[in-house]
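Undergrad: need a structure here:
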Amino acid sequence: MNLNLALFCLVAAVGLQATSAVAVGSPVEQIVNLLKTLKDTTVSDGKHEQQIYDKYACWCETTSGRKASDINQGQADLRSLGQRILKLKGTVATRAAEIAEATEDIESNEQEQEQLTAVREKQNGNWAASSAETKQALAALQSAITVLADATAPGASAFIQENQQMRMKLAVTTVLDKLPSNVGLPSAGMVLLSEFTKGKTAFAPQSATIQGMLGDMYLTFANNLESDTSEEADRNADYEQLNAALEKENNQLKDTRARKESEKAKAEAMLADTT
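TA: Predicted structure coming up:
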């Protein structure tokens, strides 16, 4: 573009010189001077354009380097963030599995506590019912022993003896009614007591035997009650110890689950931010 402009200027200058009446030199000298001027202008324009090109080339080189660095950094960030996302996803999945496992353990623990409590309540109920029956039987035995002892005292009139016989029959009948359901007496003893209450045997000869039987029964029931009460206390102590251990374990499982849920929530938040 500059060369065409220079030629145009040269032609214009030659035409102008040809029509000019002023003589400043020969036409050859004028052309030479014009060519020198054109050369100087061309060189100057070339230097100016070279400066512009160098400046643009420097900008391109700087910008390309910066963009290449940004691209490399972006790729590195993508790899790093991708690895971080995978790691966080793994953490979330692991914590979810651990939370599910802890929840199952908690439910199993609570079911075990419920079953243990149900068994203990049933055992205690059976003991309470048996103990109540035994206590009633002991009271009836003690009353019957007292009545028989008083009835066999010498020196009573016939009327008093008849009244005492009725009291003895009633007392023994009460004993038979109050016997615990889980206690079985020998058949011979039951027959003797039954005959005594029905008046089929002589009271005087049999009263001592009946008193002995009732006394033995009283001692047996008293010992059984004491033994059952001691066993009940041991069972209750074992229950409380085992239940306390289960409760402690359950609290630890709940604390672990809460911590895992917190870690899972934190990992999920970080995963969302990273993504």
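Undergrad: for the protein, what are the low-confidence residue spans?
TA: Low-confidence segments of the chain, defined by pLDDT under 70: 1-25, 151-165, 181-207.
Undergrad: in it, which spans are helices?
TA: Assigned by DSSP state H, the helices in the chain fall at 2-19, 27-151, 158-178, 187-198, 203-274.
Undergrad: Format those as JSON lines; extra columns: mean neighbour count.
TA: In short, each C-beta sits where N, CA and C put it, glycine included. Below are the helices of the chain laid out as JSON lines (neighbours: other C-beta atoms under 10 Å):
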{"stretch": "helix 2-19", "mean neighbour count": "12"}
{"stretch": "helix 27-151", "mean neighbour count": "13"}
{"stretch": "helix 158-178", "mean neighbour count": "16"}
{"stretch": "helix 187-198", "mean neighbour count": "14"}
{"stretch": "helix 203-274", "mean neighbour count": "14"}
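Undergrad: check contacts around residue 275.
TA: Residues counted as contacts of residue 275 (C-beta atoms under 8 Å, 6 or more residues apart in numbering) are residue 85.
Undergrad: What's the separation between it and residue 261?
TA: For residue 275, the distance to residue 261 under the criterion C-beta to C-beta, to the nearest Å works out to 21 Å.
Undergrad: do residue 51 as well
TA: Distance from residue 51 to residue 261, by C-beta to C-beta: 68 Å.
Undergrad: what do you get for residue 245?
TA: The gap separating residue 245 from residue 261 is 25 Å, by C-beta to C-beta.
Undergrad: Residue 216 now?
TA: With distances taken as C-beta to C-beta, residue 216 is found 66 Å from residue 261.
Undergrad: And for residue 34?
TA: In this structure, residue 34 and residue 261 are separated by 92 Å, where distance is defined by C-beta to C-beta.
Undergrad: Quick check, residue 145 in contact with residue 218.
TA: Yes: in terms of C-beta atoms under 8 Å, residue 145 counts as a neighbour of residue 218; the distance is 6.7 Å.
Undergrad: domains of the protein?
TA: Partitioning the chain according to automatic domain parsing yields domains covering residues 2-80, 91-274.
Undergrad: From start to finish, how long is the longest one in a straight line?
TA: Okay, so that is domain 91-274. 14 Å (C-alpha to C-alpha, to the nearest Å).
Undergrad: Find out how far it is from the centre of the chain, if you would.
TA: Computed by C-alpha atoms, centre = their mean, to the nearest Å, the chain-centroid distance of domain 91-274 equals 36 Å.
Undergrad: For the remainder of this discussion, apply numbering that starts at 47.
TA: Okay, residue one is now 47; in that scheme the one you just asked about reads as domain 137-320.
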